[in-house]
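[1] give me coordinates for this.
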Amino acid sequence: MKHTLSVLVEDEAGVLTRIAGLFARRGFNIESLAVGPAEQVGISRITMVVPGDDRAIEQLTKQLYKLINVLKVQDVTEVPCVERELMLLKVNANSVTRSEVVGLAQIFRARVVDVSEESLTLEVVGDPGKLVAIVQVLTRFGIREIARTGKIALTRESGVNTEYLKSLESKLGTA
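    Here you go, the predicted structure:
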């Protein structure tokens, strides 16, 4: 199972290196990584997606707390969250296919950020599933390049689990 960890750290040189070293020593692969300033000056939030069972993630969390500069570790996998990623996607689009590519991009609320004779570059923001879906839809035109950020996530203060609501709607047929 993939776990999403949100880690608050003091914003100092070497913190990310120590965390990555811990993961490497334990044989864990970090599938997604995003780092940026948090709500307080001098604090950064690291959001990681890591494969592993609950027990392994619990051990990893304990090890993270032992590192200098780690302030808080939270496994937000089962917590209601808002999750987003950003992707830049360069897709083949000539004069014949351009309008179809733009139409499909609009369905996904993607923005065209660059145009050339033979391609379009799209900016797509959304949950990871949305990014996978647009790539699948546009693959038939030919994907030239992809650049993706890591997943970022914040817990929902409302406590509403929209993923649960979506699955409930689909089961009831009201989607």
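[2] now the helices: where do they sit in this protein?
    15-25, 54-66, 98-107, 128-138, 162-172 (DSSP state H).
[3] pick out the residue closest to the middle of this structure.
    Closest to where the C-alpha atoms of the chain average out (CA atoms, centre = their mean) is residue 151, at 1.7 Å.
[4] could you verify my assumption that that residue touches residue 32?
    Yes. Applying CB atoms under 8 Å, one finds residue 151 in contact with residue 32, separated by 4.9 Å. (C-beta placed from N, C-alpha, C; glycine too.)
[5] so what's in contact with those two at the same time?
    Contact with both residue 151 and residue 32 is made by residues 47, 49, 85, according to CB atoms under 8 Å, 6 or more residues apart in numbering.
[6] just checking, which of those residues belong to strands?
    Using DSSP state E, 47, 49, 85 are the members of these that sit in strands.
[7] quick one on the thing from earlier: if you compare the helices of the chain, which one is most tucked away?
    helix 128-138 (a mean of 17; mean count of other CB atoms under 10 Å).
[8] just the CA trace of it, in CSV.
    What follows is helix 128-138, C-alpha atoms only, in CSV (Å, rounded to 0.1, in the frame of the first residue of the first chain):
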residue,chain,number,x,y,z
PRO,A,128,-3.1,12.2,-9.0
GLY,A,129,-5.9,10.3,-10.6
LYS,A,130,-6.8,13.2,-12.9
LEU,A,131,-3.2,13.5,-14.1
VAL,A,132,-3.1,9.8,-14.9
ALA,A,133,-6.5,10.1,-16.8
ILE,A,134,-5.4,13.0,-19.0
VAL,A,135,-2.2,11.2,-19.9
GLN,A,136,-4.2,8.1,-20.9
VAL,A,137,-6.6,10.2,-23.1
LEU,A,138,-3.8,12.1,-24.8
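[9] state the mean pLDDT of it.
    For helix 128-138, mean pLDDT is 96.
[10] gap between it and the chain center?
    With CA atoms, centre = their mean, to the nearest Å as the basis, helix 128-138 stands 13 Å off its chain's centre.
[11] what's that helix packed up against?
    strand 81-92, helix 98-107, strand 119-126, strand 143-148 (3 or more CB pairs under 8 Å, 6 or more residues apart in numbering; DSSP states H and E).
[12] using a markdown table, lay out the ones you listed together with distance to residue 159.
    Shown next, in a markdown table, are these (distance: least, CB to CB, whole Å):
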| stretch | distance to residue 159 |
| --- | --- |
| strand 81-92 | 11 |
| helix 98-107 | 30 |
| strand 119-126 | 22 |
| strand 143-148 | 29 |
